[in-house]
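Chemist: when you get a sec, could you give me coordinates for this:
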Amino acid sequence: MTTPHKFSTFLWFDGNAEESVTFYTSIFTEARVVSRMPGPGGKAMGVTFELGEQRFTAFNGGPHYKLTAAVSIYVACETQEEVDGYWDKLLAGGGKATRCGWLDDRFGLSWQIIPDALPALLSDPDPARAGRAMQAMMTMQKLDIAALKRAAVGVSPASPPR
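Modeler: Numbering: from 1, shown residues only. Here you go, the predicted structure:
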């Protein structure tokens with residue numbers, strides 16, 4: 001028998017796996033709970049869920065291990081509205097903005113909310129354009145597509161569009 005998701009991401013939580021999955025599946029439209037593994041006292045020991053076509057298992061493993069920014073979930077966004085929406089929703093309830101499009105949600109999971117324009121700007125064949133986009137990105141928490149594009153062409157990222 002072939003498993004449809006041979007590879008998936010296993011996330012270790014300290015008692016709030018089910019709450020985190022409810023939060024994540026409320027944010028993304030292509031999200032669903034696949035299964036729930038019961039644990040002691042009726043609380044879930046683990047919850048398998050999908051965001052898009054990526055499968056995850058949230059596991060209530062206890063305080064032994066902590067989530068860190070060494071592992072993050074990358075969300076590719078087509079528009080600024082998409083960036084803004086995911087950013088605001090993931091920060092809700094106690095999340096923390098870091099930098100360069102990264103944030104930690106209230107459960108401690110790190111996310112990268114990245115517009116599709118960013119990799120294109122950073123890989124521009126003109127190293128000066130790519131460098132200016134990189135410098136602008138380094139000053140941002142939530143990424144601003146218009147400001148990144150302005151910076152790439154040599155206009156101050158803080159300047160209003162022309």
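Chemist: ok, now which ones touch the residue nearest to the spatial centre of the chain?
Modeler: The centre of the chain sits closest to Trp111, judged by C-alpha atoms, centre = their mean, with a distance of 2.7 Å. Trp111 makes contact with 72-75, 86, 90, 102-105, according to C-beta atoms under 8 Å, 6 or more residues apart in numbering. (C-beta placed from N, C-alpha, C; glycine too.)
Chemist: again with Thr57
Modeler: Contacts of Thr57 were listed using C-beta under 8 Å, 6+ apart, and they are 8-11, 46-49.
Chemist: picking up where we left off before, buried ones among the contacts of Trp111?
Modeler: 72-73, 75, 86, 90, 102-105 (16 or more other C-beta atoms under 10 Å).
Chemist: confirm the residue nearest to the centre of the chain sits in a strand?
Modeler: Yes - assigned with DSSP: H, G, I helix; E, B strand; the rest coil, Trp111 falls within a strand.
Chemist: in terms of residue numbering, what are the domains of the chain?
Modeler: 7-63, 67-155 (automatic domain parsing).
Chemist: could you dump those into TSV and include mean pLDDT?
Modeler: Shown next, in TSV, are those (pLDDT from 0 to 100):
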stretch	mean pLDDT
domain 7-63	95
domain 67-155	97
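Chemist: element containing Ser35?
Modeler: strand 31-38 (DSSP states H and E).
Chemist: list the buried ones in that strand?
Modeler: Applying 16+ other C-beta under 10 Å to strand 31-38 flags 31, 33 as buried.
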